[in-house]
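*Asks:* Prediction below, plus the sequence it came from.
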Amino acid sequence: MNKRNVWFAIVPIMLFIVLAVCIEADIATNFEGWVYHEAVEHMSPSLTAFLKGITHLGDPASITILCLITFLVPKLRKAIALPTSTAVIVSAVINIILKQIFARNRPNILQLISETGYSFPSGHAMVTATFYSMLIFMLFRYVKSDTKKIIFSILCILMVVTIGISRVYLGVHYAGDVLGGWLFGFAVSYTVYLIWSSRKQKNDSSIDSK
C-alpha cells in the first residue's frame, strides 16, 4: 500500500473534524442558513416532487437493493459487489455512531418529508458518497474506455450531489450535515478500497508465484 495514498483518506477526516468543530461552535450557522435559502429560493411543487423522488434513491432500502444487484450479476460479484457492500455497511455503522456522538438536532424549519433521529452527519449523504465513490474506484480499475470512465463518473457524482442537495431543500438536514457526510463517506470508501486493493494484489502475487 502506497503511504501517500493514505492521505486521500486522512485529509477528508481532518476536514470533517474541522467542520464538526465549526458546527459545535456555531461558526457554520450563517453559511448553513445561506445554503438553505439558496436551495429553496425557487421552491415549487414540481421541484419538490422531483427532489422527494431523488432523496429516496439514497434511502437504506435503495442502496441495499443496488448492492444486491451487484451480487446478482456474475461479472460484478467478485470484483465489485463484496468491497462495495462492505464499504456501505461500514459507512452506515460509523454514521450511526457519529450521530450519537454529536447528537445534533434536525433543522427547526419547514420539513417537506418526515425524518427522525439526529442530523450530523447526514446518513443519506455519507452512504451514497461511499457507494458511488466505490463504483468510481472500481470503474477506473476495470474499465479501459476513458469515455465510459468520464461519463459514468459524472453520473455518480451528480447522484451524490443531487441527493445531498435534496436533503437541504427538503428541510431535514443542514448543509454542514451533508458536507460532513460527503467527507466521511469518501474517506470510508477510499480506506476500504485501499485495503481491498492491497489484499487483492497480495493474493494475485501469491497465485502467480505458485
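*Replies:* Here it is on my side, so go on.
*Asks:* Next, the buried residues of the worst-scoring helix or strand of the chain on mean pLDDT.
*Replies:* Taking mean pLDDT, DSSP states H and E as the measure, the chain has helix 74-76 as its least confident helix or strand, at a mean of 77. For helix 74-76, the buried set under the neighbour-count rule, 16 or more other Cβ atoms under 10 Å, comprises L76. For the C-beta atoms, the positions are set from N, CA and C on the backbone; glycine is no exception.
*Asks:* quick one: low-confidence ranges for this protein?
*Replies:* 1-3, 203-210 (pLDDT under 70).
*Asks:* P83 and S46, how far apart?
*Replies:* As for P83, its distance to S46 is 38 Å (criterion: Cβ to Cβ, to the nearest Å).
*Asks:* likewise L170?
*Replies:* The gap separating L170 from S46 is 14 Å, by Cβ to Cβ.
*Asks:* do the same with N5
*Replies:* Taken as Cβ to Cβ, the spacing of N5 relative to S46 amounts to 44 Å.
*Asks:* Pick out whichever of these two has more residues nearby.
*Replies:* Using other Cβ atoms under 10 Å, the more surrounded residue of N5 and S46 is N5, with 13 against 7.
*Asks:* Now do the helices in the protein.
*Replies:* Counting by DSSP state H, the chain forms helices over residues 3-24, 29-39, 45-56, 60-72, 74-76, 82-102, 123-142, 146-169, 175-209, given from the N-terminal end onward.
*Asks:* Can you say which of the ones you listed is nearest to S114?
*Replies:* Ranking the helices of the chain by distance to S114, with Cβ to Cβ as the measure, places helix 45-56 first at 11.3 Å.
*Asks:* the inter-axis angle of that closest one versus helix 29-39?
*Replies:* With axes from the mean of the first three to the mean of the last three Cα atoms, to 10 degrees applied, the angle from helix 45-56 to helix 29-39 works out at 120 degrees.
*Asks:* quick revisit: could you save the helices of the chain as a markdown table and add columns showing distance to E115?
*Replies:* Converted to a markdown table, the helices of the chain look like this (distance: least, Cβ to Cβ, whole Å):
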| stretch | distance to E115 |
| --- | --- |
| helix 3-24 | 18 |
| helix 29-39 | 15 |
| helix 45-56 | 10 |
| helix 60-72 | 12 |
| helix 74-76 | 32 |
| helix 82-102 | 12 |
| helix 123-142 | 9 |
| helix 146-169 | 9 |
| helix 175-209 | 11 |
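*Asks:* ok, and which of those has the densest surroundings?
*Replies:* Compared across those, helix 123-142 shows the largest average neighbour count, a mean of 24 (mean count of other Cβ atoms under 10 Å).
*Asks:* With only the CA atoms kept, save it in PDB.
*Replies:* C-alpha atoms of helix 123-142 as PDB (Å, rounded to 0.1, in the frame of the first residue of the first chain):
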ATOM      1  CA  GLY A 123     -26.700   9.300   6.600                       C
ATOM      2  CA  HIS A 124     -28.000   9.800   3.000                       C
ATOM      3  CA  ALA A 125     -25.000  11.900   2.000                       C
ATOM      4  CA  MET A 126     -22.500   9.700   3.800                       C
ATOM      5  CA  VAL A 127     -23.700   6.300   2.500                       C
ATOM      6  CA  THR A 128     -24.300   7.500  -1.100                       C
ATOM      7  CA  ALA A 129     -20.900   9.100  -1.100                       C
ATOM      8  CA  THR A 130     -19.400   5.800   0.000                       C
ATOM      9  CA  PHE A 131     -21.400   3.700  -2.500                       C
ATOM     10  CA  TYR A 132     -20.800   5.900  -5.600                       C
ATOM     11  CA  SER A 133     -17.200   6.600  -4.800                       C
ATOM     12  CA  MET A 134     -16.600   2.900  -4.600                       C
ATOM     13  CA  LEU A 135     -18.200   2.500  -8.000                       C
ATOM     14  CA  ILE A 136     -15.900   5.200  -9.400                       C
ATOM     15  CA  PHE A 137     -12.800   3.500  -8.000                       C
ATOM     16  CA  MET A 138     -13.900   0.200  -9.500                       C
ATOM     17  CA  LEU A 139     -14.700   1.800 -12.800                       C
ATOM     18  CA  PHE A 140     -11.200   3.200 -13.100                       C
ATOM     19  CA  ARG A 141      -9.700  -0.100 -12.100                       C
ATOM     20  CA  TYR A 142     -11.500  -2.300 -14.500                       C
END
